[in-house]
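Engineer: Return a 3D structure for these sequence lines:
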Amino acid sequence: MAGFTTVALKAAPEPIQGQDVNGRSVDVNGKGHYTVVLYTNPDLEDESRAMTLALDSYRSRSDFALIRVVDLRGNIPASMRGIVRGQIRSEMVKEDKRLKKQLGIVNASAHAPIIPDFSGATLDALGWSSVYTQIHLVVYDTHGKEVKRVADVSDAKQLTKVVGDIL
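Structural biologist: Below is the predicted model:
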């Protein structure tokens with residue numbers, strides 16, 4: 001047909017789902033905000049904490065979300081998962097108190113869910129199929145589209161540079 005041009009439409013990003021420590025569904029690459037997703041595991045607890053602290057300056061922004069996915073594949077028997085969830089909740093309460101005191105952010109954990117991934121379903125959907133020795137990250141834009149992926153994040157400065165360049 002003369003005068004008509006066929007335009008290929010970009011498909012919307014596939015939604016990536018997870019389940020937070022309280023059993024609520026989380027849209028990992030949700031829309032309406034930039035989302036920084038960190039891969040971590042029990043061996044990376046100190047590094048994960050340092051990187052989370054480094055992102056404090058972004059935590060009060062309405063267009064920013066932080067999601068931490070904890071790799072627990074094969075490590076935790078089903079009978080112990082409730083205890084692990086309880087430990088994570090306890091750390092989240094401490095983080096909420098710290099952010100309220102330091103930055104005036106109320107209920108910060110609502111915008112920073114932690115996904116304990118016992119099955120690997122969320123990790124696999126994010127393309128993280130191995131157990132890693134360093135933090136990994138992926139950043140999604142406000143449309144849920146991946147805009148940056150970094151393997152082996154070495155320190156908090158590297159993380160804040162990546163996030164700062166995007167935001």
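Engineer: Please enumerate the helices of the chain.
Structural biologist: 45-54, 81-103, 121-125, 156-166 (DSSP state H).
Engineer: CA atoms only for the third one, dumped as CSV, please.
Structural biologist: Presented in CSV, the C-alpha positions along helix 121-125 are these (Å, rounded to 0.1, in the frame of the first residue of the first chain):
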residue,chain,number,x,y,z
ALA,A,121,13.4,-18.2,40.3
THR,A,122,14.0,-14.5,40.6
LEU,A,123,17.7,-14.8,40.3
ASP,A,124,17.3,-16.9,37.1
ALA,A,125,14.9,-14.3,35.7
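Engineer: Just the residues contacting it, thanks.
Structural biologist: I16, Q17, G18, Q19, V28, Y39, V69, D71, R73, I115, D117, S129 (C-beta atoms under 8 Å, 6 or more residues apart in numbering). Quick note: C-beta positions are derived from backbone N, CA and C, even for glycine.
Engineer: OK, contacts around the closest residue to the fifth one other than its chain neighbours?
Structural biologist: Spelled out, it's V28. By the measure of C-beta to C-beta, 6 or more residues apart in numbering, the closest residue to V28 outside its immediate chain neighbours is I16, 4.1 Å from it. The neighbours of I16, taking C-beta under 8 Å, 6+ apart as the test, are D27, V28, N29, T122, A125, L126.
Engineer: Give me the buried subset of those residues.
Structural biologist: D27, V28, N29, T122, A125, L126 (16 or more other C-beta atoms under 10 Å).
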